[in-house]
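K.L.:
predicted model follows, preceded by the sequence.
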Amino acid sequence: MISEWIAAILLVLGAFFMLVAGIGVLRFQDVFLRMHAATKAPSLGVFLMVIALMFYFQNFWLSIEGLLIMVFIFMTAPISAHALSRAAHVMHIQKSKRTQIDQLESSAEAKPADKAQPSEKK
């Protein structure tokens, strides 16, 4: 009985974090902020929902599958967000006006193609 209540609370909290992420994706101004909203909150929401399933069903194999799902989400979400944001930065996608620090601005990959020096082959 108590595990059902814990599972229900965790499911509602997970759904809340998913809702916050969806609102963040709609409300944020640029691709970088939207990517942040699309990876951080849903990861926590999935984590809470999988924990809720583990509490509700209390099955060893389901718990192992849940742990594997959590590991997969926590490993792939940040990597994919980083790759997409790096590509958006290289393509010079416009940033929000409130962006104050851009740590990639001085990197060689961030330079536009017309300003980059062509490599000479000898």
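P.N.:
Everything's here; your move.
K.L.:
which one is residue 77 nearest to, not counting chain neighbours?
P.N.:
Of all residues beyond its chain neighbours, the one nearest residue 77 is residue 39 (4.5 Å), with distances taken as Cβ to Cβ, 6 or more residues apart in numbering. (Each C-beta comes from the backbone N, C-alpha and C, glycine too.)
K.L.:
so the one you found, which state does it fall into?
P.N.:
Per DSSP: H, G, I helix; E, B strand; the rest coil, the secondary structure class of residue 39 is helix.
K.L.:
my guess is it meets residue 79, correct?
P.N.:
No - contact between residue 39 and residue 79 fails when scored by Cβ atoms under 8 Å: they sit 9.7 Å apart.
K.L.:
before we move on, back to that, pLDDT score for the residue nearest to residue 77?
P.N.:
At residue 39, the model reports a pLDDT of 89.
K.L.:
give me the number of residues near it?
P.N.:
By other Cβ atoms under 10 Å, 20 other residues sit near residue 39.
K.L.:
can you check residue 3 too?
P.N.:
Applying other Cβ under 10 Å, we find 13 other residues in the vicinity of residue 3.
K.L.:
kindly report the same for residue 51.
P.N.:
By the criterion of other Cβ under 10 Å, residue 51 has 20 neighbours.
K.L.:
isn't it right next to residue 69, touching?
P.N.:
No - between residue 51 and residue 69 there is no contact, the gap being 10.6 Å when judged by Cβ under 8 Å.
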